[in-house]
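Trainee: dropping the sequence and predicted coords here.
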There are 2 protein chains.
Amino acid sequence: MTEHRVWTAALLVIGDEILSGRTQDKNVAQVAIWLNEQGIRLSEVRIVPDMIHRIAEAVNELRATNDYLFTTGGIGPTHDDITVDAIAEAFGVPVVVHPVARQILERFYETRGRVNEARLRMARVPEGAELLENPLSGAPGVKIGNVFIMAGVPSIAATMLQALTGKLEGGRPVVSMTVGAFVPESEVADLLRETEASHEGVSIGSYPFTKDGRFGANFVIRSENRSLVEQCVDELAHGLVSAGYEPALGGI
Amino acid sequence: MTEHRVWTAALLVIGDEILSGRTQDKNVAQVAIWLNEQGIRLSEVRIVPDMIHRIAEAVNELRATNDYLFTTGGIGPTHDDITVDAIAEAFGVPVVVHPVARQILERFYETRGRVNEARLRMARVPEGAELLENPLSGAPGVKIGNVFIMAGVPSIAATMLQALTGKLEGGRPVVSMTVGAFVPESEVADLLRETEASHEGVSIGSYPFTKDGRFGANFVIRSENRSLVEQCVDELAHGLVSAGYEPALGGI
C-alpha cells in the first residue's frame, strides 16, 4: 500500500449557549459525518465563549494545524454576533462590507420588511473573504483562507454544508462497520486488542452500553480500506462466537 | 460592587466516537449545568481523538488555564482506553495500580464474574492520583492535581458528578432568565444592545428560531446578580411591548 495524505479539519463552535448547558449542540455530529463523506477527518472540536480574543486565538491555532477550519455560530444581526470581527482580528485584516453580500441581503429582505442596520451587519466580512451560499436565510456564510464561517442554527449550517459538497479537496472517506454483542467488554478485551493488532491500518473502538438491564458493547471497526474492515468484522464475529457470544452485525 | 473571583473549568472529551459523528455527545450539557450549580463556569470544551499525545497536550494546556479540568471517556477495560496513560504522560509520572481501586474492583466483580487482567486495567492511575467515587459500575474515576477523570458513558459520568457535588470551591452561580418573542432578532437588535449596555455585568444572548413557520428569537439574560437579571428582563419585556411584540417570559 502506498502512503497517502490524510486531510483534516477542525470545528470551532462559538457558543455561550452551549457552554451554559442551555442548548444541546447538534453541529458537531452533522459536520463530522459530512466531512467524512468529503474524505476529510474531523481532528478536533473546540467550544469557546462569545469573546473576541478567545475566538481569535482558537482560530489561529486550529487553522494552522488543520487543512480546513469550520466555525459555527455568531454570524447573525445582533450585538452578540462577533465571529466576523474575531476572525478579522485573527487574520489581522479590517472588517468590510461585502458588496455582493449586501445585494443578497437587500434582495432577500425586499419582500420581508426592510434592510436595517442590524441586517446589514450580516454583510460584514473580514477583508479578502469570499461568500458561501446560503439558500435558506439570505445571510451568506463566509470563507477566508482555509476558514469556513457558518451559521449556528443547525438547519442553516446544513444547507451551507450541502452547498459545499464535493468542492473541497479531500482523501478517502473512512469506512466504519459495527459489531455488537451482549458481552461485558472486559470479557473480550484480548480478542479486540489482538484483532486490531493483526490488521494494520484498522482501529477498533469499544463502546459499552446497558440495554434492558443487560451489559453489552458495540465494537466499531474503522479504516479507509473497506475490504480490511470487512475482513476484520468477520474475524471479530467469529471470535465472539468462539467465546460463546452472539455477534450482531450492524451493532445493537 | 466588590470584585470577586470567577472560577473556571474546561472539559476535555476523549472521543473518536464523537469526532466520527457516530455518537451524539451528551456530556457537555450535563457538565455545564452541574458546574454552574457549583459556581464554576465552563470556559472551554475540546474534543480530541483517542491519541495519547493529543490528549496529553490538551490536558496540559487546559489544566494550566483553568481552575479545574474534567475529562470524559477512555477509562474502560479495553485497548482503546488510554486516558490514564495520556494523563500520566501529561503530568510526567508513571502509571501505577491504585490498591484501593483494585480492592473496589475485586469486590465489585466478586458476584459478577472474575477480575481479569482487562478489568484490572481500570485500577491503573497516574502516580499520586486519588479516586473519585463511582457508585454505579465499580470502576472509580480519578483525580490528579486539578484534573478530574470521568467515564464517557453519560449516566456513569452523572453519578461521578453527583458524588462531587458541593465538594469543589467555586463562586456564585450565573443566574439565567429567558424572554422570547415572535420577532426577527434583527428588528430588535438596538433594543438588545442598549439594554445590555445599560446593565453592567449582564450579558444578553439572542438565539433565533423558526416555529410553525414563524420567525422568533429567545433572549437569554445572564449575570451572577439575580436582581440585575430580573430588572433587565423587565426592561426588555417592556421594550418588546413598546415595539409591538408580545414577550413570553421563560422563552418560546
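Mentor: Alright, I've got the coordinates.

Trainee: so the helix or strand hosting A:G216, near chain B or not?
Mentor: Using DSSP states H and E, the element containing A:G216 is strand A:214-223. Yes: residues of strand A:214-223 contacting chain B under CB under 8 Å from any CB of the partner chain: A:220, A:222. All C-beta spots, glycine's among them, are computed from the backbone N, C-alpha and C.

Trainee: same for the helix or strand that that strand is followed by, what does it pack against?
Mentor: For strand A:214-223, the following helix or strand on the C-terminal side (DSSP H and E) is helix A:226-242. Applying 3 or more CB pairs under 8 Å, 6 or more residues apart in numbering or on different chains; DSSP states H and E, one finds that helix A:226-242 contacts strand A:175-181, helix A:189-197, strand A:214-223.

Trainee: quick one: low-confidence parts of chain A?
Mentor: In the predicted model, chain A carries pLDDT under 70 at residues A:1-3.

Trainee: could you list the domains of chain A?
Mentor: A:7-164, A:175-249 (automatic domain parsing).

Trainee: just name the most buried of these.
Mentor: Among the domains of chain A, domain A:7-164 has the highest mean neighbour count (mean count of other CB atoms under 10 Å in any protein chain shown), at a mean of 20.

Trainee: quick one: distance of that one to the chain centre.
Mentor: Chain-centre distance of domain A:7-164: 13 Å, with CA atoms, centre = their mean, to the nearest Å.

Trainee: how far does it stretch from start to finish?
Mentor: 16 Å (CA to CA, to the nearest Å).

Trainee: what does stretch A:114-125 give?
Mentor: 21 Å.

Trainee: how about stretch A:92-106?
Mentor: End to end - CA to CA - stretch A:92-106 spans 29 Å.

Trainee: contacts for that stretch, please.
Mentor: Under the criterion CB atoms under 8 Å, 6 or more residues apart in numbering or on different chains, residues A:84-85, A:88, A:115, A:119-120, A:122-129, A:131, A:138-140, A:142 lie in contact with stretch A:92-106.

Trainee: please redo it, this time with the cut-off set to 10 Å
Mentor: The contact list for stretch A:92-106, computed with CB atoms under 10 Å, 6 or more residues apart in numbering or on different chains, reads A:56, A:60, A:77, A:84-85, A:87-89, A:114-115, A:119-131, A:133-134, A:138-142, A:144, B:186.

Trainee: go ahead and confirm A:L168 touches A:Y68.
Mentor: Yes: applying CB atoms under 10 Å as the test, A:L168 and A:Y68 come out as touching, 6.6 Å apart.

Trainee: find the residues that touch each one of those two.
Mentor: A:7, A:9, A:35, A:38, A:40, A:146, A:148.

Trainee: helices - which of these land there?
Mentor: For those, the ones inside helices are A:L35, with DSSP state H as the criterion.

Trainee: for the shared contacts of A:L168 and A:Y68, give me a markdown table that also has distance to A:S20.
Mentor: Output for the shared contacts of A:L168 and A:Y68, formatted as a markdown table (distance: CB to CB, whole Å):
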| residue | distance to A:S20 |
| --- | --- |
| A:W7 | 33 |
| A:A9 | 26 |
| A:L35 | 27 |
| A:Q38 | 31 |
| A:I40 | 30 |
| A:N146 | 30 |
| A:F148 | 25 |
